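**Q** Kindly return the folded structure for what I paste below:
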Amino acid sequence: IFSILIVIWVFSCSEDQSKSGFGLTYPAYFPVPHYQSDKNPITKEGFELGRALFFDPILSVDSTISCETCHAQGHAFADHNIRFSVGIDGRRGNRNSPPIFNLAWQTSFMWDGGINHIEVMPLAPITNEVEMGESLNTVIKKLNNNPRYKQKFQKVFGEKPIDSQKLFYALAQYMSMLVSADAKYDRYRQGKTSLSPEEMQGLTKFRQKCASCHPEPMFTDYSFRNTGLEILNDDTGHGRISLLKADEYKFKVPSLRNVSLTYPYMHDGRFRTLADVLSHYSDHTILSE
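**A** Here you go, the predicted model:
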């Protein structure tokens, strides 16, 4: 039943550029986005600049790692086929990079919630010594010395030199427009298609058994939970951010949109298949909320 329902969520992530003019669009049954870009109005030029930066390894210390390296567009902007994401010089982290669609609705970022705003989220991977290993000052110098980027930034933000705020604004414009809202589930909600009897049975079972942590239509409640995973290392998750004992080994509840594309699963990629995930939940109890 669960595997039948998975098809409802596949291939629903796209770069949202559909609005007349330009801006963020989403179905009426979606909640209001948390990110309000009043100070950073989204434009076609700003989106395209953010996209260029997202795919450009210039942001890393040795120009080998881009944002897209660990957030592949073909896999719903998640890392895939690898348990632990790899950064510069082949350095391996201790987490699997999560998918980054529907970021405009998130109130915190990273598996542990250590970042609280989309406009500063890229600072963490850019400066992390395992991921991109670059200093923010050097990134800004490289961009100001690049004629192509100087022209692009001036077109979006005016004649002033490139600074960190403009860099983060551009990336936020792109990332906030990565919207997952056109899966079969969405077309069903909009009356454009129907579900098969098996899919309807799967949706009913999902609503009974899974929706407490993965409510529709975002398929996450953005909370942090300890799901009873065996402790394999000293990564204490949200506890390292809140410094509360009760939050140790809690990690953010991921969205189940595009779930068949974002393997492996869990914060440390320990489960290769959805069958493995379901087996874990059938044998374990969520310890805390």
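**Q** Was I right to think H75 contacts T262?
**A** Yes. Taking contacts as Cβ atoms under 8 Å, H75 lies within contact range of T262: 6.3 Å. The way it works is simple: take the backbone N, C-alpha and C, and place the C-beta from them, glycine included.
**Q** Looking at these two, which one has more neighbours?
**A** Neighbour totals were compared for H75 and T262, and T262 leads with 25 against 17 (other Cβ atoms under 10 Å).
**Q** How many neighbouring residues does the closest residue in space to the more buried one that isn't next to it in sequence have?
**A** Spatial nearest neighbour of T262, excluding adjacent residues (Cβ to Cβ, 6 or more residues apart in numbering): A78 at 4.0 Å. By other Cβ under 10 Å, 25 other residues sit near A78.
**Q** With T262 as the reference, measure out to the one residue sitting closest to the centre of the chain.
**A** Of all residues in the chain, the one closest to the mean position by Cα atoms, centre = their mean is I100, 1.6 Å from it. To T262, I100 is 10 Å away according to Cβ to Cβ, to the nearest Å.
**Q** so what sits against both of those two?
**A** Common contacts of I100 and T262 (Cβ atoms under 8 Å, 6 or more residues apart in numbering): A78.
**Q** where does G133 land in three-state SS?
**A** coil (DSSP: H, G, I helix; E, B strand; the rest coil).
**Q** Might you report the residue contacts of it?
**A** For G133, counting by Cβ under 8 Å, 6+ apart, the contacting residues are 60-62, 87-89, 91, 127.
**Q** If we use 10 Å, what do you get?
**A** 60-62, 64-65, 87-89, 91, 125-127 (Cβ atoms under 10 Å, 6 or more residues apart in numbering).
**Q** Quick check: phi and psi at the residue nearest to T262.
**A** Phi and psi for A78, reported as degrees, to the nearest 10, are phi -120, psi 160.
**Q** Make residue 1 into 5 and carry on from there
**A** OK, 5 is where the count begins now, so the last one is A82.
**Q** Let me know the pLDDT of it.
**A** Turning to A82, the model gives it a pLDDT of 95.
**Q** Just grab the bridge partners of it for me.
**A** A82 has these beta-bridge partners by DSSP bridges: A76.
**Q** how much space is there between it and L175?
**A** The value you get for A82 to L175, if Cβ to Cβ is used, is 17 Å.
**Q** same question, S41
**A** Using Cβ to Cβ, one gets 12 Å for the distance from S41 to L175.
**Q** Find residues that contact each of those two.
**A** Taking Cβ under 10 Å, 6+ apart as the criterion, S41 and L175 both touch 50, 122-123.
**Q** need the helices for the protein, in chain order.
**A** With DSSP state H, the ranges of helices along the chain come out as 6-10, 48-58, 71-74, 127-131, 140-148, 151-161, 168-179, 188-193, 201-213, 243-246, 278-287.
**Q** For R261, find the nearest of those.
**A** helix 188-193 (8.2 Å; Cβ to Cβ).
**Q** tell me what the closest one is packed against?
**A** In terms of contacts (3 or more Cβ pairs under 10 Å, 6 or more residues apart in numbering; DSSP states H and E), helix 188-193 is packed against helix 201-213.
**Q** between the helix it packs on and helix 278-287, how many degrees?
**A** If you take axes from the mean of the first three to the mean of the last three Cα atoms, to 10 degrees, helix 201-213 sits at 40 degrees to helix 278-287.
**Q** show me where pLDDT drops low in the stretch 55-204 of the chain?
**A** The stretch 55-204 of the chain contains no residues with pLDDT under 70.
**Q** now with 90?
**A** Counting by pLDDT under 90, the stretch 55-204 of the chain shows low-confidence ranges at 84-85, 163-164.
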